[in-house]
Each structure stands twice: as C-alpha cells, then as structure tokens.
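Visitor: take this sequence and fold it.
(one chain, ligands or ions: 1)
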Amino acid sequence: MLARSVLVTGCSRGIGLELVRQLVSCDNPPAVVIGTCRNPDNAKELQELAEKYSNLKIIKFDVVDYASLSRVAEEVGVAVGAGGLNLLINNAGIMEKCPLQMFGVSLQNLEAKVFNEVLETNTTAPLMLVKELLPLLRKAAMTSGGPIGVSRAAVINMSTILASMGCFVGNADIYGYRASKTALNMLTKALSVDFGAEGLLFAALHPGWVQTDMGTTAGMLTTEQSVKDLLHVMATLTEKHNGAFLSHDGSELPW
Ligand SMILES: NC(=O)c1ccc[n+]([C@@H]2O[C@H](COP(=O)([O-])OP(=O)(O)OC[C@H]3O[C@@H](n4cnc5c(N)ncnc54)[C@H](OP(=O)(O)O)[C@@H]3O)[C@@H](O)[C@H]2O)c1
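Guide: I've put the predicted structure just below:
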C-alpha cells in the first residue's frame, strides 16, 4: 500500500477495523491513517490501535450526519496536510435485519423507513462524503502526480456481489441492501467518468462473504483474509480499473 494517507469509514468493528489494523501495521504503512466511527468511546479495539500506532487518527463521524461533514473535512485536512487525501474507503454500511431471518427482511415485513435508512447509509452517505472530500482528493491527485491508482487519489466503495444483477446470488429478500449497493456501483461508475480525467480513481469492491456481525459467523472468509485480499487488489488498481466492480480476488464482477 503506497498511499501516503488513507481514510476508512465505519472502523469500530468488522472489515473497517481490520482495514485499519492491517494498514497501520503493514511493512510500509501510510503516514496517516484516519479511522472514523460514530462512537469512538465504545470502539475499544480501534482505540487500542491508536495508542500503539501514532500514524492512526480517530475521527468521530456518523456518515448520515451531514451537518458534521464540514467539521470532518476540516479535521481530515489538518491530518493529511498539504499532500491531500490519497485514498478514501467508504466502508461503513448496514443491512436490514429481521429477527426471523439470517439476512434481510421479507417484503411483507419491510417498512419504508427501514428501506430508506439502508439506502441513505449505503448510497447517499458515501456520495456526500466524496463531495465533501473532493478538494482533498483533488489536492492529492495534483501533488502526488504519477499514474492513476490508490497511491495518487482514489475512492474505494465497499460493494457486494449481492448488488450484481448479472449474477444474482443469495436470498432475494434483501431489497434495501441490494438496491443501495447497486446504486453505489452506479455512483462509482458515474464518478469515474466525471473525475477520472483529473487523476481520480473510483472502484467498487466486493470483500467476499466475511465473518463479521453483518456477514455472520457463517461467512466464508475471516476479516484478516478478506482485508489482505482487498488491500492487494487496491494496490494493483490502475487507470483501466477506473469505474470497475471487482471481487476481493481481483476478478471483474458483472453489473
Ligand atoms: N461481511 C460481509 O460478508 C460483507 C459482504 C459484502 C460487503 N460487505 C460490506 O462491507 C462493509 C463492512 O461490512 P462489515 O461486514 O464489516 O459490517 P459490520 O460488521 O456490520 O460493521 C459495519 C460498520 O459500519 C459502521 N456503520 C454503520 N452505520 C454507520 C453510520 N451511520 N455511521 C458510521 N458508521 C456506521 C458500524 O459502526 P457501529 O459499530 O457504530 O454500528 C460498523 O463499524 C459494508 O459496507 C458491507 O456492506 C460486507
């Protein structure tokens, strides 16, 4: 990972926490890793990492609290300095839940409020964060120079194979989650078209089915393995991947 500065959202647990852990402890760590979470006081493991690694900064951020965006951007700007922000990983996400089902909510039990909450967290919030951090990403694209990639200026949107219409997998009744991530995929593509010429890279990555609170213990991958794969894929992204939808093994996924 050659990025000088990285921001990961949703780092209290799961894939986000593991992304931070591997980023700060790798052989050639970024100079600045920013882990955001909505309740830093409760994020004990993240706090322990910050005590151990001086390159980790924790910022309190609920991704749907749009009123806090300017404060977050200001704190990020101070942390990354003149080099701007090289890599934003939009990881925070939610899935609708029903006590009777392992995943999702049947149509009969689905409320508009829940559907909208999932769309807001998984689709609207990442877009608003990109909008707010665009000046810092642009700064990184200009000051870093070099080829397009995560070492210059990039946004990784955490997607899922469940968003794919081309290879529909799993239970059908995860309506909010599927729709929100399919929309996120479209945003990834649209942003790549809008800002690719300025040296910014956008990609949507599927982390695999991972053993987290969301993925449950039935997941096929540990967070360690998934994040190892994801960081490897991120490091190999080039201009030809701008707007791509890729799996954690680097293979292209159908939209
Ligand atoms: N696990 C899988 O198998 C799998 C598969 C495909 C894609 N993904 C994607 O990977 C990402 C991480 O998933 P995960 O498995 O690590 O999920 P997880 O264990 O449920 O963790 C979700 C993280 O997102 C945070 N979050 C949720 N809403 C937030 C908000 N409004 N503001 C800030 N943070 C918020 C949570 O913070 P709190 O602790 O404060 O709730 C938590 O840190 C998600 O985008 C998910 O869709 C996961």
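
Visitor: what's the mean pLDDT across stretch 81-99?
Guide: When pLDDT is averaged over stretch 81-99, the result is 95.

Visitor: ok, that stretch near the ligand or not?
Guide: Yes. Applying CB under 6 Å from any ligand atom, one finds stretch 81-99 in contact with the ligand at N91, A92, G93, I94. For glycine as for every other residue, the C-beta is placed from the backbone atoms N, C-alpha and C.

Visitor: and the end-to-end length of that stretch?
Guide: 46 Å (CA to CA, to the nearest Å).

Visitor: could I get the buried residue list for it?
Guide: Buried positions in stretch 81-99, judged by neighbour count with 16 or more other CB atoms under 10 Å: 83-96.

Visitor: ok, which stretches of this structure are helices?
Guide: Counting by DSSP state H, the chain has helices at residues 14-25, 44-52, 69-80, 112-119, 125-144, 175-195, 223-236.

Visitor: ok, which of these comes nearest the ligand?
Guide: helix 14-25 (2.3 Å; CB to the nearest ligand atom).

Visitor: list the buried residues for the closest one?
Guide: Neighbour counts over helix 14-25 (16+ other CB under 10 Å) mark G14, I15, G16, L17, E18, L19, V20, R21, Q22, L23, V24 as buried.

Visitor: gap between that helix and the chain center?
Guide: Offset of helix 14-25 from its chain centre (CA atoms, centre = their mean, to the nearest Å): 12 Å.

Visitor: can you check stretch 99-119 too?
Guide: That offset, for stretch 99-119, works out to 22 Å (CA atoms, centre = their mean).

Visitor: returning to that earlier point: between the buried residues of stretch 81-99, which is nearest the ligand?
Guide: Set against the ligand, the nearest of the buried residues of stretch 81-99 by CB to the nearest ligand atom is G93 (2.5 Å).

Visitor: dump the residue contacts of the closest one.
Guide: Applying CB atoms under 8 Å, 6 or more residues apart in numbering to G93 gives the contacts G10, T121, N122, M158, K181, M214.

Visitor: now with 10 Å, please.
Guide: The contact partners of G93, taken as CB atoms under 10 Å, 6 or more residues apart in numbering, are 9-10, 14-16, 63, 118, 121-123, 125-126, 157-160, 177, 180-181, 184, 214.
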